[in-house]
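Undergrad: Provide a 3D model corresponding to the input given below.
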Amino acid sequence: QVQLQESGPGLVKPSQTLSLTCAVSGDSITSTYYYWSWIRQSPGKGLEWMGHILGSGNTYYSPSLASRASISRDTDKNQITLQLNSVIPEDTATYYCVRRENTWHSYDYWGQGTQVTVSS
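TA: This next block holds a predicted model:
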């Protein structure tokens, strides 16, 4: 059973760096069959893909966030980390760690999500 669990601060001040961790169990983040993605949903808006990291360690980002977002991994802990620099109130959202399988490109496992509020 694959499980993804996000963790991080619930409140971040504007201009600070947001750091979120996704602990993965039941699968290896180095597997080449999957991408490990960060997706967020702001209040009243749809889902927004932020970026993902492949089993190879290569990363890809949404063009709108590429200058501020960074995804990394700890293979010993089997964890994925998202850093978002210079946060603004519009970054307030629920952040999800999601596995995407590469055959049908479907997002098949989701974490429960972690709520982040950007406010002074």
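Undergrad: Please count neighbours and contacts with C-alpha atoms only from this point.
TA: Fine.
Undergrad: Wasn't Glu90 part of a strand?
TA: No - judged by DSSP: H, G, I helix; E, B strand; the rest coil, Glu90 forms no part of a strand; its state is helix.
Undergrad: can you give me how far stretch 42-59 is from the chain middle?
TA: What separates the centre of stretch 42-59 from the centre of its chain is 6 Å, taken as C-alpha atoms, centre = their mean, to the nearest Å.
Undergrad: Kindly report the same for stretch 34-41.
TA: The gap between where stretch 34-41 is centred and where its chain is centred comes out at 5 Å by C-alpha atoms, centre = their mean.
Undergrad: go on, stretch 108-120?
TA: In this view, stretch 108-120 has its centroid 9 Å away from the chain centroid, taken as C-alpha atoms, centre = their mean.
Undergrad: same deal with stretch 105-114?
TA: When distances are taken as C-alpha atoms, centre = their mean, stretch 105-114 is centred 10 Å away from the chain's centroid.
Undergrad: buried residues in it?
TA: Tyr109, Trp110, Gly111, Gly113, Thr114 (16 or more other C-alpha atoms under 10 Å).
Undergrad: And stretch 74-93, by the same measure?
TA: Using 16+ other C-alpha under 10 Å as the burial criterion, the residues of stretch 74-93 that qualify are 78-85, 87-88, 91-93.
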